[in-house]
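> please find the sequence and the predicted model below.
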Amino acid sequence: MHRLAMMFAVLAAAGSVSSAAPPAPTPGRYTAEQAAHGAQVYAQACVMCHKQDLGGDFDTPPLVGRFARNWADSNLASLADDLHRTMPQFAPGSLNAQDNAAVLAYILQANGEPAGTQPLPSDPAALARMPFKP
Ligand code: HEC
């Protein structure tokens, strides 16, 4: 009984800590949680070709470095659409909208974009208003 009461006290304290701080306006267009989910999708469906460091290899292009330069003038809707239609190469179109947005968030993170408080949307109209480089 005593142990249980203590557990509740600890949980309550933990809860009050996380809800005490009001969400500060952070830059970034995806959440850390979303990118973490994207990393899982990546590990299951992309890493075998695009590699752990997203650097690709001789027959798979990288998703960092020159990739960011190539996409610099595009918006995220075209990248999300391209990704959804063509990847993973062994099963194009198999990612659902949520996983597609998550893996895109992971790619933005790998390209140095900081996480924020708003999840990256999957809605093409919203993505079309977001340049690759914010
Ligand atoms: C079987 C190997 C393979 C797998 C698995 C794979 N890709 Fe690819 N990917 C490629 C190849 C090859 C290309 C280049 C040819 C093309 O665009 O179809 C490519 C191209 C891309 C591009 C465009 C790159 C550019 O320079 O514009 C993106 C973005 C991408 N892949 C993301 C992903 C993501 C995200 C996943 C996992 C959901 C994934 N790929 C899974 C092989 C793969």
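Now that the structure is in, tell me what you want to look at.
> so which bits of this structure are right by the ligand?
45-46, 48-50, 59-61, 63, 67, 70, 83, 86-90, 95, 103 (CB under 6 Å from any ligand atom). For every residue, glycine as well, the C-beta is placed using N, CA and C.
> E113 and A36, how far apart?
Note on E113: its distance to A36, by CB to CB, to the nearest Å, is 15 Å.
> of those two, give the one with the bigger neighbour count.
E113 (19 against 14; other CB atoms under 10 Å).
> the more buried one and R29 touch, don't they?
Yes. If you go by CB atoms under 8 Å, E113 and R29 touch, sitting 7.2 Å apart.
> common neighbours of those two, please.
When contacts are counted by CB atoms under 8 Å, 6 or more residues apart in numbering, the set common to E113 and R29 consists of P134.
> what are the contacting residues of stretch 42-51?
Applying CB under 8 Å, 6+ apart, the contact partners of stretch 42-51 are 56-57, 60-63, 87-89, 91, 94-95, 103, 106.
> so how far is that stretch from its chain's centroid?
Remark: stretch 42-51 is offset 14 Å from the chain centroid, using CA atoms, centre = their mean, to the nearest Å.
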